[in-house]
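>>> sequence? don't have it. structure:
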């Protein structure tokens, strides 16, 4: 766990200047390219293979349970708000594994319920960028907010940052135009 602690996902997206670019990768080559381009973290779905040995970046895993994510060597996992009960045990269990939990919310009601019942540190604002920005208005100060964009321009990243989004998840094909140079001006 000490090695994983040095790569905590939450620290990677909270530190530094500006918005963090988190890149979805499907293998070692894409991970190395994202790291060279300046990505702050990686997203992997399912089997990580030898990815953990190929990069020092924190890995957000979307392939299953928190237990599977921890066994695979991930630093964080996505949990759907709909899978959380009212007692908070699922988030507590994830935290006990030494990995960050990113709670994905789709609408205002889900966001309100998750904040009241679980008070997570990191939220993935699901949907398109417009929907993410609508949800962002109800995210309390001090929480980390992540948006996902299948296609995003540098100007949209600047707008996300200006509005208070901490990180944006992008496909590897979009990363080179968004990372690798100084943070976007705000």
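Looks like it arrived, so ask away. All values reported here derive from a predicted model rather than from experimental measurement.
>>> mind listing the helices for the chain?
2-5, 9-14, 28-37, 51-54, 66-72, 89-96, 108-117, 129-136, 154-163 (DSSP state H).
>>> Need those in a markdown table (columns: distance to residue 78).
Where you see a C-beta, it was placed from the backbone N, CA and C, and this is true even at glycine. Shown next, in a markdown table, are the helices of the chain (distance: least, C-beta to C-beta, whole Å):
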| stretch | distance to residue 78 |
| --- | --- |
| helix 2-5 | 17 |
| helix 9-14 | 11 |
| helix 28-37 | 18 |
| helix 51-54 | 17 |
| helix 66-72 | 9 |
| helix 89-96 | 10 |
| helix 108-117 | 13 |
| helix 129-136 | 15 |
| helix 154-163 | 19 |
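>>> Out of those helices, which is the most enclosed?
Comparing the helices of the chain by mean neighbour count (mean count of other C-beta atoms under 10 Å), helix 9-14 ranks first with a mean of 22.
>>> of all the helices of the chain, which lies closest to residue 144?
helix 9-14 (5.9 Å; C-beta to C-beta).
>>> Show me what the closest one is packed against.
Applying 3 or more C-beta pairs under 8 Å, 6 or more residues apart in numbering; DSSP states H and E, we find helix 9-14 packed against strand 20-24, strand 41-44, strand 100-105, strand 122-125, strand 144-148.
>>> mind redoing it with 10 Å?
strand 20-24, strand 41-44, strand 59-61, strand 76-80, strand 100-105, strand 122-125, strand 144-148, strand 167-171 (3 or more C-beta pairs under 10 Å, 6 or more residues apart in numbering; DSSP states H and E).
>>> what's in contact with it?
5, 8, 19-22, 39-43, 57-61, 74-77, 99-102, 121-122, 144-146, 165-168 (C-beta atoms under 10 Å, 6 or more residues apart in numbering).
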